[in-house]
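**Student:** Sequence first, then the predicted structure, then my questions.
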Amino acid sequence: MSYSWRSAEEYRSTAYPTVKYRISKMSMGRRLELTRRLRDLMKRLEFANAGTSNEDKMDAAILAGEIDRLYWEFAVESIEGIQMNGDEIGPTTQFELGPEDLSREILMRIKQQTQLTETERKN
């Protein structure tokens with residue numbers, strides 16, 4: 001008998017019970033690719049966060065949003081059960097125009113899933 005791997009998990013929103021979304025699971029290759037994509041943005045965010053001017057704070061907010069978008073595009077496979085103006089919307093429309101609290105809930109789940117556990121860090 002062989003092991004059956006599911007490459008994504010489906011969740012139901014706590015804020016919007018009719019909404020279900022699928023998030024890709026992390027694998028070694030996906031983690032490497034995500035880290036590669038995040039590296040430059042994280043360096044720039046660290047630099048902007050160290051600044052004290054309003055421009056630095058604005059840059060940091062923009063970079064944090066770009067990082068969230070990267071996580072979103074990398075992980076959200078589908079979203080169901082939400083409409084806008086009578087039409088079902090997909091992941092891109094949800095991020096761009098949908099309820100912000102739903103997007104934040106999904107992003108929190110993505111970030112929880114992509115973080116290394118203590119055991120994984122040691123290896």
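**Tutor:** Sure thing, it's come through.
**Student:** from here on, contacts and neighbour counts on C-alpha atoms
**Tutor:** Fine.
**Student:** Could you name the specific helix or strand carrying Ala60?
**Tutor:** helix 54-75 (DSSP states H and E).
**Student:** low-scoring stretches of this structure, by residue?
**Tutor:** 116-123 (pLDDT under 70).
**Student:** quick one, strands of the chain?
**Tutor:** 8-12, 20-24, 76-80, 83-84, 87-88 (DSSP state E).
**Student:** And for the helix holding Ala60, what's in contact with it?
**Tutor:** 23-25, 34, 38, 41-42, 44-45, 48-51, 92, 95, 107, 110-111 (C-alpha atoms under 8 Å, 6 or more residues apart in numbering).
**Student:** Distance of the residue lying closest to Gln83 once chain neighbours are set aside relative to Glu96?
**Tutor:** Setting aside the residues directly before and after it, Gln83 is nearest to Ile89 in space (C-alpha to C-alpha, 6 or more residues apart in numbering), at 5.6 Å. Separation of Ile89 from Glu96 (C-alpha to C-alpha, to the nearest Å) stands at 11 Å.
**Student:** what's across from Val76 in the sheet?
**Tutor:** Ile23 (DSSP bridges).
**Student:** list the contacts for Ile99?
**Tutor:** One thing to correct before we go on: residue 99 is Pro, not Ile. By C-alpha under 8 Å, 6+ apart, no residues touch Pro99.
**Student:** Angles on the backbone of it, please.
**Tutor:** Note on Pro99: its backbone torsions stand at phi -60, psi 130 [degrees, to the nearest 10].
**Student:** Distance of it relative to Val19?
**Tutor:** Pro99 is 12 Å from Val19, where distance means C-alpha to C-alpha.
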